[in-house]
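[1] Using only what follows, build the 3D model:
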Amino acid sequence: MSRAENSNCDFLDLSDAVCPICLYIFVEPILLPCQHRLCGPCFHSNLELTSLSCPLCKKRVGTWARRNKKLLIDVSFWKRVQKEFPNEVNARLQGTDNTDYEAFLTFPHHQFASEGEIRKEFESEMDKFHQEAECQRTEEETKSKEFIELLLKEEQEKKREELQRNEELSKELIQKLAHEEEMTKEDKKNEIISKKLIHEMTSPRGQLKAPSPRRSKKKPRQLSLKESLARASRVN
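    Numbers count the residues shown, from 1 in each chain. Now for the predicted structure:
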């Protein structure tokens, strides 16, 4: 284990701060699950070249890289490198670093894959990628189908409610028109009757004659003697 991997170490050797791939000072170093470190540019270039495993020990890191995409940089180690080797870091960032870091390395870091191994791993990872993509596509299609069915159901419910409202309005309108028609017929009937009465009252034949007083044909009743005396006493 190098002193870079020892948390109790108070300082770094320059050999511990060199990327084993490009042999330059670490920039945004990334600690892989296998405990190997690569500088950020080398790690991303390694992934872009479809090598989904550690270039040093060939342990698969593709899935780990996807899941930890935003947490790849070993922040604490990167700060130590910047603090202890600021000149080398600045030179690397500015593209002016001409230091031969390989002279500081005491053991070989490169390990080459056997023939066909990388292709086999690549095809395996691509199969997994296609399977994940297919699962995701199926899931999205299912969600889209459910969403469309929900929209159609809501639209049908709105149409049903609108149709019901229209039917109720039509019934009310028909009843109103029937009532108005009935009232119109009644008004016309009353109007005809009124005109007929007015005509009968204003026509010469229809004028009413006042009855002439009839003379009483009854003869005056003769008063009895008692009634005559009573009338005479009232007069006196």
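
[2] the strands in this protein, which residues?
    Remark: strands assigned in the chain by DSSP state E are 30-31, 37-38.

[3] average pLDDT for the first one?
    Strand 30-31 shows an average pLDDT of 90 in the prediction.

[4] what residues does that strand touch?
    37-40, 43, 72-74, 77 (Cβ atoms under 8 Å, 6 or more residues apart in numbering). Yep, even glycine has a C-beta here, placed from its N, CA and C like the rest.

[5] So what's the residue count around Arg80?
    Arg80 has 19 neighbours, counted by other Cβ atoms under 10 Å.

[6] Can you pull the phi and psi angles for the residue lying closest to it once chain neighbours are set aside?
    Leaving aside its chain neighbours, Arg80 sits nearest to Leu12 (6.1 Å; criterion: Cβ to Cβ, 6 or more residues apart in numbering). Main-chain dihedrals, Leu12, degrees, to the nearest 10: phi -110, psi 140.

[7] hang on, Leu12 packs against Lys83?
    No - using Cβ atoms under 8 Å, Leu12 is not in contact with Lys83, being 9.2 Å away.

[8] Between those two, point out the one with more neighbours.
    Set Leu12 next to Lys83 and count neighbours by other Cβ under 10 Å: Leu12 wins out with 18 against 11.

[9] And the residue positioned nearest the centre of the chain, how far from Glu140?
    Central residue of the chain (Cα atoms, centre = their mean): Phe147, 9.8 Å from the mean position. If you measure Phe147 against Glu140 using Cβ to Cβ, to the nearest Å, the figure is 10 Å.

[10] Just the C-alphas of stretch 13-22, formatted as PDB.
    Output in PDB follows, covering the C-alpha atoms of stretch 13-22 (Å, rounded to 0.1, in the frame of the first residue of the first chain):
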ATOM      1  CA  ASP A  13       5.600  11.400  -2.100                       C
ATOM      2  CA  LEU A  14       5.600  12.800  -5.600                       C
ATOM      3  CA  SER A  15       5.300   9.200  -6.900                       C
ATOM      4  CA  ASP A  16       2.000   8.900  -5.000                       C
ATOM      5  CA  ALA A  17       0.600  12.000  -6.800                       C
ATOM      6  CA  VAL A  18       1.300  10.700 -10.300                       C
ATOM      7  CA  CYS A  19      -1.400   9.200 -12.500                       C
ATOM      8  CA  PRO A  20      -0.300   5.700 -13.500                       C
ATOM      9  CA  ILE A  21      -1.800   6.100 -17.000                       C
ATOM     10  CA  CYS A  22      -0.500   9.500 -18.300                       C
END
